[in-house]
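Visitor: turn this into a model:
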Amino acid sequence: MIERLATALSLSRRELVALVLVFVVSLPAVTSRIYATDEVQYFSFLRSFWFDRDVSFENEYRYFHDRGIGRSVGFYQTHLQLETETGRRENFGTIGCAILWAPFYGVADAAVRGARAVDSSWPRGAARGGGAPASDEPGGVQGSPPTRDDGYSKPYVAAVCYGSAFYGFAALLLSIASARRLGLAAFSSTLAIWAGTPLLFYMYVAPPMAHACSAFAVSLLIWIWLRVRETWPAGGLVALGACGALVAMVREQDVLLLCGPALDFAVWVSRGAASRSRARSLIGGVLGAMAAFVLVYAPQAAVYLRLNGRLGPSRLVTRKMDWSAPHALSVLFSPEHGFFVWTPLALLAIAGLIWMMLAETPAEPSRAAPRRLAACLVLMIAAQVYSAGSVESWTVAGAFGQRRFVAITPLLIIGFAALQRAVASTRARHLLAVAAVAAVYWNLALMAEFATGLMDRQRLEPVRNAYDAFVTIPRMAPDLVYRYLFDRASFYQTSAPQ
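Guide: Residues are numbered from 1 along each chain as shown. Next up is the predicted model:
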């Protein structure tokens, strides 16, 4: 089984085992708790589907609010006072994470119920449709005992958190496979992007957010695309359509990333790569891809209709969009919020993609026009910049990093691997390695500053952040590591219900 998996991922057995061991050893670093408003919304979809069989989140929101979990100023007003067109509570999330988390959540539910069946002294959960009884015992959510079968207690929250970590790790494996399909040595670039971008934060510190799942969905899309793009078989097109729907269900704006495969296919067809005898098969494949997208996306469409009374997200979401993308440059370069300031390693990775697009390389048959592919990857990044720059809340103030770019993790891995290949001289390679190490350290230091309150979570202050990164954090490092491993609650802020 290991050999087959390693072969499918273009990894050696030793590499796969090493990566899995690193991931397993890192699992104690996963933080199993829910505290942010977005996390509450994504989790509420799953809990409501599983226990209540509905999209009414009144009881979930009330539960979290009563325990002080919703910390944003407007949580009560937005989620416990406002109603949608259908008379339900607002939920700005999508159901993709709930779908991906469901296997882990189901195992947790079965384990809790099984343990309760063996030991009748374990507490029971609430009836369907209601919140769990209040308690002062510690758990995944404040006030929920660790073993209550209510959907909120520690095993359920842990299942979601470890599920996100798993999907983030799967995204890395798929990204390695994609890069190696292009002839790139991606092992070291994957480790660098893992540690040097916000993916690390959203795998281990805030896993109930959607971003690790988003990275997985996009990585799967690219992996499928690169496997089918040489001949575009009908089955491959159907798989792309289905995966595209998953991408859209995890994070709506990520659907724009389908522009890459779509452009690649269109250019391939326009250049006459497909014979006339295959025209009928290709048309069938395209129709199949469209049908697969509609079929897989149907649950999300049904939720939109049931929740918002229309086929689309809440009007409170759509009114924040300005499709002229007035913040496109700021989202990259702003010294207070820019992606390249938060994550300088991304600048190097994107430079690698641009080199890949412009470099004169032979179009080997097995790689199917690498320059065209690189152009499609750059277009996907441009699409992500466009969508992130179109949002009124482009700064994502209060969050760690430009989190909307976590979805392009596989593109960054491919790009950084391409840059490593482009660098020819030993001196240049050493400089690139030093730059990568510095970028990784910057990301880790910002994570520490964010967790300890050394930085203003609303914005970057590069000079102050750099001082703390290279002076303050090294002094605090032993204490921070100890607290994170053995006293993680000491990092948590407490707040009264609003």
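Visitor: when you work out contacts or count neighbours from here on, use the C-alpha atoms and nothing else.
Guide: Will do.
Visitor: my guess is residue 400 contacts residue 199, does it?
Guide: No - counting by Cα atoms under 8 Å, residue 400 does not reach residue 199; the two are 10.0 Å apart.
Visitor: compare these two and say which is more crowded by neighbours.
Guide: Each of residue 400 and residue 199 has its neighbours counted (other Cα atoms under 10 Å); residue 199 has more, 27 against 20.
Visitor: how far is the longest helix seen in the chain from where the chain is centred?
Guide: Scanning the chain for the longest helix, with DSSP state H as the assignment, gives helix 279-308. Distance of helix 279-308 from the chain centroid (Cα atoms, centre = their mean, to the nearest Å) equals 23 Å.
Visitor: just checking, what packs against that helix?
Guide: Helices and strands touching helix 279-308, by 3 or more Cα pairs under 8 Å, 6 or more residues apart in numbering; DSSP states H and E, are helix 234-250.
Visitor: could I get the buried residue list for the longest helix of the chain?
Guide: For helix 279-308, burial by neighbour count (16 or more other Cα atoms under 10 Å) applies to 282, 284-290, 292-294, 296-297, 300-301, 303-308.
Visitor: buried residues in the helix or strand of the chain with the lowest mean pLDDT?
Guide: Using mean pLDDT, DSSP states H and E, the weakest-scoring helix or strand in the chain turns out to be helix 2-8, at a mean of 85. Neighbour counts over helix 2-8 (16+ other Cα under 10 Å) mark residue 6 as buried.
Visitor: which parts of the stretch 251-400 of the chain are helices?
Guide: For the stretch 251-400 of the chain, the helices defined by DSSP state H, counting those that start in this stretch occupy 259-270, 279-308, 315-318, 330-333, 339-342, 344-358, 370-389.
Visitor: what's the angle between the host helix or strand of residue 227 and helix 234-250?
Guide: In this structure, residue 227 sits in helix 211-228 according to DSSP states H and E. Relative orientation of helix 211-228 versus helix 234-250 (axes from the mean of the first three to the mean of the last three Cα atoms, to 10 degrees): 170 degrees.
Visitor: what is the neighbour count of the closest residue to residue 407 other than its chain neighbours?
Guide: Distance criterion Cα to Cα, 6 or more residues apart in numbering; nearest residue to residue 407, sequence neighbours excluded, is residue 215 at 4.3 Å. Neighbours of residue 215 under the rule other Cα under 10 Å: 28.
Visitor: quick check: residue 215 touching residue 403?
Guide: No - between residue 215 and residue 403 there is no contact under Cα under 8 Å: 10.8 Å.
Visitor: state the pLDDT value of the residue nearest the centre of the chain.
Guide: Nearest residue to the geometric centre of the chain (Cα atoms, centre = their mean): residue 211, 2.1 Å. For residue 211, the model assigns a pLDDT of 98.
Visitor: for residue 54, which of the helices of the stretch 251-400 of the chain is the nearest?
Guide: helix 279-308 (9.3 Å; Cα to Cα).
Visitor: next, the angle helix 259-270 makes with that closest one.
Guide: Going by the same axes, to 10 degrees, helix 279-308 makes 160 degrees with helix 259-270.
Visitor: what pLDDT, on average, does helix 279-308 get?
Guide: Mean predicted lDDT for helix 279-308 stands at 95.
Visitor: one more: stretch 253-267?
Guide: 97.
Visitor: go on, stretch 449-459?
Guide: Average pLDDT, stretch 449-459: 93.
Visitor: show me where pLDDT drops low in the protein?
Guide: Residues of the chain that meet the criterion pLDDT under 70 lie in 70-72, 120-146, 273-277, 360-368, 493-498.
Visitor: swap the cut-off to 80 and go again
Guide: For the chain, applying pLDDT under 80 flags the ranges 1, 70-73, 119-147, 272-278, 360-369, 492-498.
Visitor: circling back to that earlier point, any chance of the helices of the stretch 251-400 of the chain in a markdown table, with distance to residue 221 too?
Guide: What follows is the helices of the stretch 251-400 of the chain, written out as a markdown table (distance: least, Cα to Cα, whole Å):
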| stretch | distance to residue 221 |
| --- | --- |
| helix 259-270 | 9 |
| helix 279-308 | 13 |
| helix 315-318 | 26 |
| helix 330-333 | 24 |
| helix 339-342 | 23 |
| helix 344-358 | 18 |
| helix 370-389 | 12 |
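Visitor: to residue 97, which of those lies closest?
Guide: Closest among the helices of the stretch 251-400 of the chain, using Cα to Cα: helix 279-308, at 11.4 Å.
Visitor: what's the local residue count around residue 427?
Guide: Using other Cα under 10 Å, residue 427 has 10 neighbouring residues.
Visitor: separation between it and residue 84?
Guide: Going from residue 427 to residue 84 by Cα to Cα, to the nearest Å gives 60 Å.
Visitor: name the helices or strands packed onto the helix holding residue 227?
Guide: helix 154-181, helix 199-204, helix 234-250, helix 409-422.
Visitor: any idea which helix or strand comes after the longest one?
Guide: Right, helix 154-181. Past helix 154-181, the next helix or strand by DSSP H and E is helix 187-196.
Visitor: so what touches that following helix?
Guide: 172, 175-176, 200, 343, 345, 409, 412-414, 416-417, 436-437, 439-444 (Cα atoms under 8 Å, 6 or more residues apart in numbering).
Visitor: can I get it in CSV? Just the C-alpha atoms.
Guide: Provided in CSV are the C-alpha atoms of helix 187-196 (Å, rounded to 0.1, in the frame of the first residue of the first chain):
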residue,chain,number,x,y,z
PHE,A,187,10.9,18.1,-1.6
SER,A,188,12.9,21.0,-0.1
SER,A,189,10.6,23.6,-1.7
THR,A,190,7.6,21.9,0.0
LEU,A,191,9.2,22.0,3.4
ALA,A,192,10.0,25.7,2.9
ILE,A,193,6.5,26.6,1.8
TRP,A,194,5.0,24.6,4.6
ALA,A,195,7.0,26.4,7.3
GLY,A,196,7.3,29.8,5.5
